[in-house]
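Trainee: based on what follows, work out the 3D shape:
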Amino acid sequence: MKKKKKILLMGNPNVGKSTVFNEITGSHQHTGNWTGKTVDIAKGEYYYKFTDYELIDLPGTYSLLSSSEEERLARDYLCFEDYDCVVCVVDATNLLRNLNLVFQIIEVTDKAVMLLNLTDEAKKKNIAVDENKLSQILGIPVIRATARSGKGINELLEQVHFIANDIVQNESKILFYSNTIESAAHQVQRGLKGRIDTDKKLRFFALRLLESDESFNNSFKEHFGEDVFHNGSLRANLNKAKNDLSQLGYNSDKYVKAITTAIFEKTNSVAEQIVKILPSKKERREKALDNILLGKYTSIPVMLLLLGIVLWLTIAGSNYPSDFLRTTFDSFEIWLADSLISIGASQAIVSLLVNGVLRVLLWVVAVMLPPMAIFFPLFALLEDFGILPRVAFNLDGAFECCGACGKQALTTCMGYGCNAVGVTGCRIIDSPRERLVAIITNSLTPCNGRFPLLIAIISMFFCKNSFSAALVLLALIAVSMLMTFVTSKVLTTTVLKGVSSSFVLELPPYRKPKLLRLVGDTIREKVIFVLFRAVIVAAPAGLIIWVLANINVADTTLLSRIAQLLDPIGQFIGLDGVMLLAFILGFPANEIVIPIALMAYLSTNQMGDYTSLESLKAILVDNGWTWVTALCTCIFSMFHFPCSTTLLTIWKETKSVKWTLMSFFTPLLVGVIICALINIIF
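Mentor: Residues are numbered from 1 along each chain as shown. The predicted structure is shown next:
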C-alpha cells in the first residue's frame, strides 16, 4: 500500500489555521495524541491528484525558540518527525509578527509553502502585500488566500502536491547572523555531520545546541540517542564553540538575544519592503478606542465604568427573574408538602425534605441562575468585542510587579462572574507556580453570588441612592483587587517563590460579536456547569441546616447554641456569632447567608426571606448591628473561604489537598485580619 504524504500545518495563534484545516479535510478529521506527549493534535485526510495526504495541525506558536509547552511540541515535531511539506499560515494583516516563525521554519526545511491568509481583512484595512516579492525573498511559494471562503485553497493544494512529490525544489533563503555566531554554528555542524541520518538542516540543530536550551537538548537526545549527543567529536566541537563565544562576551542570554534581534531586524526589513498600509476608517476608529481603553489616564476609569455598568445590568436585570423563580418555587413547595401529607408522610419528613433539603436547593437555583445568565454573556460580550484582552493589558504590569503572570488579570476578571470559572480559567497560565498563585487568590475576587448581600448592606447602612451605592460597590471591588495584588506578592515571595514568566498578549481587533452563538455557548459551558456543581452540594447543606434549626438542646436550637459559641470570635472580627455561623453554613453558596442569619435571629426552624430592606435593617439593628458590623460583614463577604463549588473546582484542578487547603485559608486569613483591624480602630 502506498504511504500517505504527511503535511504539517503551522502558524501563529489566531491566523485562521483551523479554518484552513477544516476547509481542506472537511469531515475526514480526528484527534490524535502524539506519542509520549499529553497534547492532542488535530489530524485529517484528503485526496489530491491520485495521492493520499494526511494533514497534521500543530499547536499555534509564535516562535521555535520555545518558551511554552505548545511551542516546544511544534518545534520538536518540525525538527524530529517525518513529513513531506510544511504549510505556514500567516495573517496578512500582521505580517511583521508572523514572519518571525516563517524564517525559523525555512531554517529547518526547504519543503515549505506560505499561505497568506486573511487577505480580505487586509483589504478592508487597506493593507497591500506584494506576495511575489515576498516569495523571491523567502525562496518558497507564497499564496494569497481567504480560507473561510475557500479562496486560495486549490492553489495551496497544487503547490503542496509539487513540493511533497519533489516535482519542484525550493531554495529557501537562510537568515545569516553575525560572523561570530555563524562561525560557532559551523564548528558544531562539523561535529554533527555523518552522525545523524536526516535530511533536516544541520545548521538549525547547531544553532539550538549552542543555546544550551535544556528542553531542546532533551528532545535531541530522545530522538537521536544519548550516544550521538555525547559523541566525542560533537561534544568537543560544541564545547569549543561555546568557549569561543564566551571569550567574545556571548553568554547564553546574549546569544539568544542576538539571534532574536537578528530575526526581528530581518522581518522588519522585509515587512517594510513588501507591505504598504493606508489608514482606513475602521483603523482610525480602533485607534481612537485604544487611546481611551489603553490610555495612561483613561484606561482605569473606563475599566471601572464598564465593570459598573455590567454589575448594574446584572443586579437590576436579575431581580425580576429571581423574584419570579422564588414565587414559583414557593408555590411548588406548598404543593409538594400537601402532596406528601396526602399520601401519609409525617410532618417531620415533609419539613426535612421540603423546608430543609429542597428549599436550600431551590434557593440556590433562584438566586444564582438569573445573575449568572446575565453576567456571563455580558462578560463574554466584552471578551468577543476585544475589550477584555485590553483590560488584561492594563493590569499586566501590576501583576508582573507582584511576581505573578499577566494572564492572571483575565482569570481575576472571570472570578467576578464565578470563582469556580475563574479557577478553571487559570489553565491559560503555562507556569505551574503562577497558575497556583492565580488559583489561590481567585477567591479574593467577589463573585456575583456575593453581590446581593453587598448591595443590600450598602443600601441599608451607607447610601440608598443607586448611583452612590454603585460607587461604594466599585470601591469595595477596588479593595479586592488591591488585596489580590498584595496576596500574590506575599505568595510569590514565600511559599511560591520564582521569577515571573513573560508571555505574548495579542490585542485582537475589535469585532462585532455573534450574539446568539455567544449566549448559547456561555449558558451551556459556564452557567449550567457552575449551577450543576452548586446544586450537588446544596441538597446536603439544606439537610444540615434543617437539623441544626430543629434539634433543641436545653430549650435552644443547635443553630442558636452554635451561634452563641461562635459569638466571641465573631465579635473579635466585628461580626457576631450568628453572622459567622451564617457564613459557615453558607459554604454551599454565598446567596443563602442572609436567609440563614434571619432564621437564627428570628429563631425560626426553616430558612426565610425578608420582605423589604427596611424590615431587614430593623431586624439587624434590633440584634445589635452598627455601621461597623455592616462594613465588616461586607469585607468578610468578599474575603472568606471559597464556596463549595469553587473549592471542589480547585481540588479538581490541582489534585492536591495542600493547595486546596491553602486556597481555603488564604482569603479567610485576609478577611479576619482586615475585619479585626476595622473593629479595633472603630
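Trainee: for the rest of this, base every contact and every neighbour count on C-alpha atoms.
Mentor: Noted.
Trainee: so the closest residue to Glu400 other than its chain neighbours, which of the three states?
Mentor: Nearest non-adjacent residue to Glu400, counting by Cα to Cα, 6 or more residues apart in numbering: Gly406, 6.1 Å away. Recorded secondary structure, Gly406: coil (DSSP: H, G, I helix; E, B strand; the rest coil).
Trainee: with Pro642 instead?
Mentor: Pro642 is classified as coil under three-state DSSP.
Trainee: for it, give its distance to Ile544.
Mentor: Per Cα to Cα, to the nearest Å, Pro642 is found 19 Å from Ile544.
Trainee: wait, what's in contact with the residue nearest to Glu400?
Mentor: 392-393, 395-400, 503 (Cα atoms under 8 Å, 6 or more residues apart in numbering).
Trainee: how about those residues, which pair is most distant?
Mentor: The span of the contacts of Gly406, defined through Cα to Cα, is set by Ala398 and Phe503 at 14.5 Å.
Trainee: between these two, which one's more packed in?
Mentor: With neighbours defined as other Cα atoms under 10 Å, Ala398 and Phe503 compare such that Ala398 has more, 16 against 13.
Trainee: quick check, that one in a strand?
Mentor: No - secondary structure of Ala398 (three-state DSSP): helix, not part of a strand.
Trainee: name the helix or strand for Tyr46, please.
Mentor: Using DSSP states H and E, Tyr46 sits within strand 40-48.
Trainee: in that strand, what counts as buried?
Mentor: Across strand 40-48, burial judged by 16 or more other Cα atoms under 10 Å covers 42-46.
Trainee: for Ser488, see how far away the residue nearest to Glu400 is.
Mentor: According to Cα to Cα, Gly406 stands 12 Å off from Ser488.
Trainee: between those two, which contacts overlap?
Mentor: The contact sets of Gly406 and Ser488 overlap at Phe399 (Cα under 8 Å, 6+ apart).
Trainee: returning to what we had before: which one among the contacts of Gly406 gets closest to Leu436?
Mentor: Closest approach between the contacts of Gly406 and Leu436, by Cα to Cα: Phe399, at 13.9 Å.
Trainee: what residues sit buried inside the helix or strand that Asp120 is a member of?
Mentor: Using DSSP H and E, Asp120 maps to helix 119-124. Neighbour counts over helix 119-124 (16+ other Cα under 10 Å) mark 119-120, 122 as buried.
Trainee: closest one of the residues you listed to Asn154?
Mentor: Thr119 (15.7 Å).
Trainee: my guess is Ser252 contacts Arg208. True?
Mentor: No - counting by Cα atoms under 8 Å, Ser252 does not reach Arg208; the two are 11.1 Å apart.
Trainee: show me where the chain has strands.
Mentor: Secondary structure of the chain (DSSP state E): strands at 5-11, 29-33, 40-48, 51-57, 85-91, 112-117, 127-129, 142-144, 275-277, 552-553, 556-557.
Trainee: worst average pLDDT in those?
Mentor: Note on the strands of the chain: lowest mean pLDDT is at strand 29-33, with a mean of 51.
Trainee: which one of the strands of the chain lies closest to Ile439?
Mentor: Closest approach to Ile439 among the strands of the chain (Cα to Cα): strand 40-48, 24.5 Å.
Trainee: on that earlier part again, turn the buried residues of strand 40-48 into JSON lines, columns for distance to Ser318.
Mentor: As requested, the buried residues of strand 40-48 are exported to JSON lines (distance: Cα to Cα, whole Å):
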{"residue": "Ala42", "distance to Ser318": "41"}
{"residue": "Lys43", "distance to Ser318": "44"}
{"residue": "Gly44", "distance to Ser318": "45"}
{"residue": "Glu45", "distance to Ser318": "49"}
{"residue": "Tyr46", "distance to Ser318": "50"}
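Trainee: and of those, the nearest to Gly60?
Mentor: The shortest approach to Gly60 among the buried residues of strand 40-48 belongs to Ala42, at 11.8 Å (Cα to Cα).
Trainee: that closest one contacts Leu58, correct?
Mentor: Yes - counting by Cα under 8 Å, Ala42 does reach Leu58; the two are 7.3 Å apart.
Trainee: hang on, the earlier thing: what is the helix holding Asp120 packed up against?
Mentor: Judged by 3 or more Cα pairs under 8 Å, 6 or more residues apart in numbering; DSSP states H and E, helix 119-124 is in contact with no other helix or strand.
Trainee: for Phe216, state which of the buried residues of strand 40-48 is nearest.
Mentor: Ala42 (23.3 Å).
Trainee: specify the beta-bridge partners of that closest one.
Mentor: Here Ala42 shows beta-bridge partners Thr31, Asp57, assigned using DSSP bridges.
Trainee: please tell me how far it sits from Thr298.
Mentor: Using Cα to Cα, Ala42 is found at 43 Å from Thr298.
Trainee: so where is the stretch 451-600 of the chain shaky, pLDDT-wise?
Mentor: Where the stretch 451-600 of the chain drops to pLDDT under 70, the residues are 466, 498-506, 525-526, 529-531, 533-539, 541, 591.
Trainee: mind doing that once more with 90?
Mentor: 451-475, 477-478, 492-564, 578, 581-582, 584-600 (pLDDT under 90).
Trainee: for the closest residue to Met483 other than its chain neighbours, give me its contacts.
Mentor: Of all residues not flanking Met483 in the chain, Leu444 sits nearest, at 7.2 Å (Cα to Cα, 6+ apart). Taking Cα under 8 Å, 6+ apart, we find Leu444 in contact with 480-481, 483-484, 638-640, 667.
Trainee: export those residues as TSV, with columns for neighbour count and distance to Trp363.
Mentor: Listed next are these as TSV, based on neighbours: other Cα atoms under 10 Å; distance: Cα to Cα, whole Å:
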residue	neighbour count	distance to Trp363
Ser480	19	27
Met481	19	29
Met483	19	31
Thr484	24	30
Met638	26	21
Phe639	25	23
His640	22	21
Pro667	26	25
